[in-house]
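Q: The sequence isn't on hand, but the structure is:
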């Protein structure tokens, strides 16, 4: 349970940092559209607050409510932890990574599932954005199925035995989508940089670096979670990393 405690504490710490970043955003950019601010409020603050409450309650259940009953670790998964999976399914594929590209008004959307519209804004071609949307939608459905199955399961080992393929597919889809978006954006930005003025070229360099950094960060976390799940499935080590992962989307958004 030590790994679970560390994961929850780090996740809640990052939630606090993100909340401070959100406050700075709202005070410094009062002229941003109401739609953009609403997306931040709904997908950012509300879903992340729900996620933080759920993982906190799950930790309390294991360490306090079930204290002295180790057999409960093999029983039904606490509903609060299952609901945390639901919020992860909303935060990661559906929300919360605003692109710095909006600073140069390439396109106004900020939700991650619409993040691929930035690719369309640069390339005017739909096949890459369509692929990204499909991957985001499939991952969202993956998380919803996992949530429904988790609410009905009678034991944690039984859940993993039946739905291991679904859990692993979630992280594989996440990595694939991040790589598709990152590689495509870097390629398109580099192409625009070639004919740009010096000042614009410097901005393009920053955008390229930011795109690579955020894409690598989320991809590495998904790969790490998958590797830990395969190697340490019976422990809470992979769960601790999984609880931190959604925070990286919002922290990279507002950094």
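A: Perfect, I can see it now. In this text the structure is predicted, and so the values were computed from the model without any measurement. Residues are numbered from 1 along each chain as shown.
Q: buried sites along stretch 233-249?
A: Residues of stretch 233-249 classed as buried: 236-249 (neighbour count, 16 or more other Cβ atoms under 10 Å). The way it works is simple: take the backbone N, C-alpha and C, and place the C-beta from them, glycine included.
Q: Does residue 222 touch residue 169 like I think?
A: No: contact criterion Cβ atoms under 8 Å: residue 222 and residue 169 do not qualify, at 11.5 Å.
Q: Where do the helices of the protein begin and end?
A: Assigned by DSSP state H, the helices in the chain fall at 2-28, 34-39, 47-60, 79-94, 117-123, 127-152, 156-194, 198-231, 237-254.
Q: how close does residue 156 get to residue 58?
A: Distance, residue 156 to residue 58, by Cβ to Cβ, to the nearest Å: 12 Å.
Q: Oops, could you answer that again for residue 168 instead?
A: Per Cβ to Cβ, residue 168 is found 22 Å from residue 58.
Q: Then residue 227?
A: Taking Cβ to Cβ, one finds residue 227 at 23 Å from residue 58.
Q: got the buried residues of stretch 233-249 as JSON lines, with distance to residue 127 and pLDDT columns?
A: Formatted as JSON lines, these follow (distance: Cβ to Cβ, whole Å; pLDDT from 0 to 100):
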{"residue": "236", "distance to residue 127": "41", "pLDDT": "87"}
{"residue": "237", "distance to residue 127": "39", "pLDDT": "90"}
{"residue": "238", "distance to residue 127": "34", "pLDDT": "91"}
{"residue": "239", "distance to residue 127": "36", "pLDDT": "90"}
{"residue": "240", "distance to residue 127": "38", "pLDDT": "91"}
{"residue": "241", "distance to residue 127": "33", "pLDDT": "91"}
{"residue": "242", "distance to residue 127": "31", "pLDDT": "90"}
{"residue": "243", "distance to residue 127": "35", "pLDDT": "90"}
{"residue": "244", "distance to residue 127": "33", "pLDDT": "89"}
{"residue": "245", "distance to residue 127": "28", "pLDDT": "84"}
{"residue": "246", "distance to residue 127": "29", "pLDDT": "81"}
{"residue": "247", "distance to residue 127": "32", "pLDDT": "81"}
{"residue": "248", "distance to residue 127": "28", "pLDDT": "78"}
{"residue": "249", "distance to residue 127": "25", "pLDDT": "70"}
